[in-house]
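Novice: sequence and predicted structure below; questions after.
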Amino acid sequence: MTVMSVADAFKLDKTGLDQAPWLSMALFSPDRIRLAIPFPDSIVIVDTTGSVLHTVNFAQFRLQLRKLYDWSADDKLLFHAEKPIEGKRGRTDSPAAYIYNLSKKELSLVKSPGLGAPRFSSDGNWIAFDKTDEENKPYLWVSRSDGTDEKMIASIGSMNPIWSHNGEMIAYRKWESGKTNLWLYHFKTNREERIHSPGVSYFAFSPTDSLLCFLGGRALFLMNIDEKEMRELVPYPNDSTSIAEFQWSPDGTRIAFVLCTVVGELGIIASSDIYLVRLDDSGIQKITDTPKVIESHLHWLDEETVVYILQ
């Protein structure tokens, strides 16, 4: 198995993009062979040869990028941006959600205002997002990718949605009585379902099956949604270590995760390594040994290559 930094995998040193200040917010394309690197005034698309394929220049739209959120299977980028206010230097309006179609080179405003944490469905036709009411309380919504046919699907406190691979479910966190719980919304039955007690910090659907992996407390759990079965995939290590993040392999049979060593009362990360766990219960494998390096933002380029961003 090959493990390398994103800078090496995409040969970013050829163009100096390995020093990009927002590299940690870069997005990988669904086909896994392109990388979108955000800047305040642009988005640069590169391939694994280090070649710049496209640059989205926000100056022509009078926009400043705030955050890059998602890249759809039909080659659209979803992001938050804001416009400078005329006559007020350094002042901008409230961020709005935009979509840039890389194939058509067209920018469009998502008509629904106030979108938070927007995510594309697998086909790129729908967006899930949280939106706050007048009292700043979040609810979960979906709309078509242009912002039309908006519909609220989950009640107060719902946020941070992600789609299942087939678009039949959305997983999200819900703030309840001072705690964060993990919930599912089922489109077939139009119902919400709570699936885990408080403490969920990171979660992701399998790319191939109705499986949901999540960090609960400091352990890694796997839930078979169809069978209503949940098991501990990676147990809580110890008080000096913590699982920071994970990523599914493309075929859905393995999960790579980052195990951090933490020090002090504040839990400051001192170092980290990447591990691999297989869903067939064949054990956990350590695949890096870098005591002075902190790896983050894992991604699988293919079935045998994991890349990371060096902190």
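Specialist: That came in fine, so what should we check first?

Novice: separation between V293 and L65?
Specialist: To L65, V293 is 29 Å away according to Cβ to Cβ, to the nearest Å. No exception for glycine: its C-beta is placed from N, CA and C like everyone else's.

Novice: neighbour-wise, which of those two wins?
Specialist: L65 (21 against 14; other Cβ atoms under 10 Å).

Novice: list the neighbouring strands of whichever strand or helix holds that one plus their orientation.
Specialist: Secondary-structure assignment from DSSP states H and E places L65 in strand 64-71. Strand pairing for strand 64-71, determined by DSSP bridges: strand 76-82 (antiparallel).

Novice: C-terminal to the strand it pairs with, what's the next element?
Specialist: Per DSSP H and E, the first helix or strand lying C-terminal to strand 76-82 is strand 96-101.

Novice: buried residues in the very next helix or strand once past that next one, which are they?
Specialist: The helix or strand immediately downstream of strand 96-101 is strand 106-109, counting by DSSP H and E. Within strand 106-109, the residues that qualify as buried by neighbour count (16 or more other Cβ atoms under 10 Å) are L107.

Novice: which strands and helices sit next to the very next helix or strand once past strand 106-109?
Specialist: Using DSSP H and E, the next helix or strand after strand 106-109 towards the C-terminus is strand 116-120. For strand 116-120, the packing partners by 3 or more Cβ pairs under 8 Å, 6 or more residues apart in numbering; DSSP states H and E come out as strand 64-71, strand 76-82, strand 126-132, strand 158-163.

Novice: mind doing that once more with 6 Å?
Specialist: Counting contacts by 3 or more Cβ pairs under 6 Å, 6 or more residues apart in numbering; DSSP states H and E, strand 116-120 packs against strand 64-71, strand 126-132, strand 158-163.

Novice: can you pull out the strands in the stretch 101-250 of the chain?
Specialist: Ranges of strands in the stretch 101-250 of the chain, per DSSP state E, counting those that start in this stretch, are 106-109, 116-120, 126-132, 138-144, 151-154, 158-163, 169-176, 179-186, 191-196, 200-205, 211-216, 219-224, 229-234, 241-248.
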